[in-house]
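[1] after the sequence you'll find the predicted model.
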2 protein chains.
Amino acid sequence: MTLTMADYAISTVETIIAPVRGFTVAGVPAGIRKSGRRDMALIASAVPCAAAGVFTTNQVKAAPVLLDQTHLAANPAGMRAIVVNSGVANACTGAQGLADAAASAALVAAALGCRAEDVFVLSTGVIGVPLPMERIAAGISALAGNLAPDGWAAAADAILTTDTVPKTASVRVQTPDGDYTIAAIAKGAGMIAPNMATMLAVIATDAALSPAALQAALSAASRLSFNRIVVDGDMSTNDTVLALANGASGVTVTDGDGLAAFQAALTAVCTELAKDIVMDGEGATRFITLHVSGAPDEEAARQVAMAIATSPLVKTAFYGGDANWGRILAAAGRAGVLLDAGRLALWIAPGESDCADGLQLVADGSPTAYSEDAAAAIMAAPEVSARLDLGLGAASCTVWTCDLSHDYVSINGHYRT
Amino acid sequence: MTLTMADYAISTVETIIAPVRGFTVAGVPAGIRKSGRRDMALIASAVPCAAAGVFTTNQVKAAPVLLDQTHLAANPAGMRAIVVNSGVANACTGAQGLADAAASAALVAAALGCRAEDVFVLSTGVIGVPLPMERIAAGISALAGNLAPDGWAAAADAILTTDTVPKTASVRVQTPDGDYTIAAIAKGAGMIAPNMATMLAVIATDAALSPAALQAALSAASRLSFNRIVVDGDMSTNDTVLALANGASGVTVTDGDGLAAFQAALTAVCTELAKDIVMDGEGATRFITLHVSGAPDEEAARQVAMAIATSPLVKTAFYGGDANWGRILAAAGRAGVLLDAGRLALWIAPGESDCADGLQLVADGSPTAYSEDAAAAIMAAPEVSARLDLGLGAASCTVWTCDLSHDYVSINGHYRT
């Protein structure tokens, strides 16, 4: 995607992350995961950053989520670093968990020469197990000694759990005042992975923004990306998206086209990572784009789309390559949105498509005389799109999901055993 | 279960249905399902009945649901019969579907000598296919010729789709004025079965009640039974529970202990059928009873229990026999109920149990020092119970569910192909 608006140009989203000015990054093995693979990451800025965060709304919040919310509220313009560990989620760990998260931040602060409240802590992994603080401490020492501008790939690798591939994205934005980069890494193999507390993303930019502008941009981008994906409908105790803006590019983003360009670039990066998470969803064999159009408002469209995307019957039909439109209509009907069944229309198309040239399966709530062979051919594609029009208004919403396969059951039925 | 209240005695719930005075019943093969098995049923009363119904809240309602709602509203004290077909759901069939449902009622009315608006119509099966009216007409003729007091087993068989066993239940209530029976048949192998529009139940009693009293009792019983089960969280376009009371026993139920006994007996019958549906859930290998206690109110308890019962991660963990309490807490946390994570407590026990003697896995939101071997032994049972206490109040709720297995994915991934 290349967006051009007057004096601004946004590059296509790259999966390789070039250095982001003012940031150094590391990923190391710290012995938290048994496999000996990388399991800790550190993202540090040479100067204080504006910060923003989006946190799980789960009522059972992990200790690092509670700590980060406190740090962000107290210090939104002075954050310096984000430390991440995989293997242990530090969720359901009580007072000890809070103390351990705070101690992790203090250890990073000591190594970097900043205050503990300048440090975010992220954890992902098994619930109910305390952080192994000796290994965490040694890991933080190793991370501090390995910080480098090109450490992004190692960091992206270190934060994975059941993911099968690292998830990275970056864009460069050219402005009249110079250029800046937005880079991000994420992990997550489900909205929640097996016994795991899962979706994390870290975003770094060398643009300068106020904390309020960064938060607004991050919230808007998350709403259109991370909050529009479904693997299994579960929500983790640790889900967190953090953004740091250190201004090292010399470009200041305030309002107008400059802010619009930043918002578009940030949304592009987040959308890329969100889709990567779905494509790497546990057991996923098929990537599905769901459009709901003709809705009275966007929230109604989103509710219908999410009901379809979380339906086990819809997801197993996509797994089987079955154009089972009845399940899509039935899921839409229980979304809690007032519908007129006689106005529903449904199209499918191969690939990631708006379905404008798609095969129409349903018109006025009843099946068309479509060819089952044509439908089966579309459903056999590795990526399939569907559009359900409610016939009620002009609002729409797009969500991304994956199918529900035998492997999902295998992965989650036997994870701890 | 035998409840005794003063002058009333309720028998244990039996799965064999003895004749219910004033009702004749039939089940026949009508060629709607390809297999040649029974696929139409008729339940008829010699005299007009008080009637009550509970219908799907899905916004996409099948034609028979719309017809039955009209008949019930117009004629709550004069219903005479319920005709059921399996194989075709008559959902998403537009104006033709409504005409076909009305024609089915008219055909039954002609055969029985009553009015079309005295007849309920139920359909279950594939969505989007019109009723084969020639076969329906011939089936109704055959049904009318086969009506008999002992036709319940044939009728229970005729309404099944992906179910593997028929579901029948009856109780007898002794009162100072004589005795009466409540008999019921149901079908459903999921809250929604593959491409199917699914859960149906028909209840007949020879007690006399006003339509309002019968509706209140049916709504209360459904709330505690059919609305407390989950197979996959999907909801069908056809779900319907109908009750007919013809008064042929000479016992009139009005209020006080008499009404309490009727309510208890009806709830017992509905609960038995609801559990039967879960036990016969698609691919189910394990029956799970979930109690949520310590809730601020019953609705909060129900929301938390349903979030746990619908979680794919919880259901796959039960399939794997994994005491994965972190998934239960994480599902509870996203139920939309305000929780205090530090007050959560969790127990598990084998069988259908209140967990009073269960193994405590979580106290104050953190794991106890429980034995993994002891937990694994409990989870290996074919029936497992869990109790989550929220530590917030005195309200509670119990729901029943099953696990999510490889067979569920097989059944639903390849149903139409």
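    All right, it came through fine. Numbering: from 1, shown residues only, chains lettered A, B, ... in the order given.
[2] which SS class is residue A:237?
    coil (DSSP: H, G, I helix; E, B strand; the rest coil).
[3] give me the neighbour count for it.
    By the measure other CB atoms under 10 Å in any protein chain shown, the count of residues near residue A:237 is 27. Just so you know, the C-beta spots here come from the backbone N, C-alpha and C atoms, and that holds for glycine as well.
[4] which strand residues bridge residue A:8?
    Beta-bridge pairing for residue A:8 (DSSP bridges): residue A:5.
[5] surely it and residue A:174 touch.
    Yes - taking contacts as CB atoms under 8 Å, residue A:8 lies within contact range of residue A:174: 6.7 Å.
[6] ok, the nearest residue to residue A:232 once chain neighbours are set aside - how many residues close by?
    Using CB to CB, 6 or more residues apart in numbering or on different chains and skipping the chain neighbours, the partner closest in space to residue A:232 is residue B:312 (4.5 Å). Summarising burial for residue B:312: neighbours were counted as other CB under 10 Å, giving 28.
[7] quick one: contacts for residue B:312?
    A:232-234, A:312, A:404, A:408, A:412, B:404 (CB atoms under 8 Å, 6 or more residues apart in numbering or on different chains).
[8] could you do residue A:222 as well?
    A:54, A:241, A:270.
[9] need the contact list for the last one.
    Applying CB under 8 Å, 6+ apart, we find residue A:270 in contact with A:184, A:201, A:203, A:221-222, A:224-226, A:241.
[10] is it possible to mark the buried ones in the residues you listed?
    A:184, A:201, A:203, A:221-222, A:225-226, A:241 (16 or more other CB atoms under 10 Å in any protein chain shown).
[11] which of these fall within helices?
    A:221-222 (DSSP state H).
[12] can you lay out the buried ones among the contacts of residue A:270 as TSV showing pLDDT?
    Shown next, in TSV, are the buried ones among the contacts of residue A:270 (pLDDT from 0 to 100):
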residue	pLDDT
A:184	94
A:201	90
A:203	95
A:221	94
A:222	92
A:225	89
A:226	89
A:241	91
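[13] phi, psi of the residue nearest to residue A:232?
    phi -60, psi -30 (degrees, to the nearest 10).
[14] what ranges in the stretch 301-417 of chain A fall below the confidence cut-off?
    Applying pLDDT under 70 to the stretch 301-417 of chain A flags the ranges A:415-417.
[15] switch the cut-off to 50
    For the stretch 301-417 of chain A, residues meeting the criterion pLDDT under 50 lie at A:417.
[16] wait, which of the contacts of residue A:270 is closest to chain B?
    residue A:226 (15.1 Å; CB to the nearest CB).
[17] leaving out chain neighbours, which residue sits closest to the closest one?
    residue A:274 (5.1 Å).
[18] quick one, what contacts that neighbour?
    Shown in contact with residue A:274 (CB under 8 Å, 6+ apart): A:186, A:225-226, A:228-229, A:400.
[19] which SS state does the residue located most distally from the centre of chain A fall under?
    In chain A, counting by CA atoms, centre = their mean, residue A:369 sits farthest out from the average C-alpha position, at 39.3 Å. The local conformation at residue A:369, judged by three-state DSSP, is coil.
[20] quick one: the helices in the stretch 101-250 of chain A?
    A:133-146, A:152-158, A:211-224 (DSSP state H, counting those that start in this stretch).
[21] between the ones you listed, which one is closest to residue A:104.
    helix A:133-146 (5.7 Å; CB to CB).
[22] and the helix or strand where residue A:309 lies with helix A:211-224, angle?
    Assessed by DSSP states H and E, residue A:309 sits inside helix A:298-310. Orientation check (axes from the mean of the first three to the mean of the last three CA atoms, to 10 degrees): helix A:298-310 against helix A:211-224 gives 50 degrees.
[23] after helix A:298-310, next one along is what?
    helix A:312-319.
[24] give me phi/psi at the residue nearest to residue A:226?
    phi -60, psi -40.
[25] confidence score at it?
    Looking at residue A:274, its pLDDT reads 89.
[26] ok, residue A:176 - how many residues close by?
    Residues near residue A:176, counting by other CB under 10 Å: 10.
[27] tell me the contacts of the closest residue in space to it that isn't next to it in sequence?
    Using CB to CB, 6+ apart and skipping the chain neighbours, the partner closest in space to residue A:176 is residue A:7 (4.6 Å). Neighbouring residues of residue A:7 by CB under 8 Å, 6+ apart: A:175-176, A:257.
[28] try it again at 10 Å.
    Counting by CB atoms under 10 Å, 6 or more residues apart in numbering or on different chains, residue A:7 makes contact with A:174-177, A:257-258, A:261.
[29] reformat these into CSV and put distance to residue B:252 and pLDDT next to each item.
    Formatted as CSV, those follow (distance: CB to CB, whole Å; pLDDT from 0 to 100):
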residue, distance to residue B:252, pLDDT
A:174, 84, 94
A:175, 83, 93
A:176, 87, 93
A:177, 87, 92
A:257, 78, 91
A:258, 79, 92
A:261, 77, 93
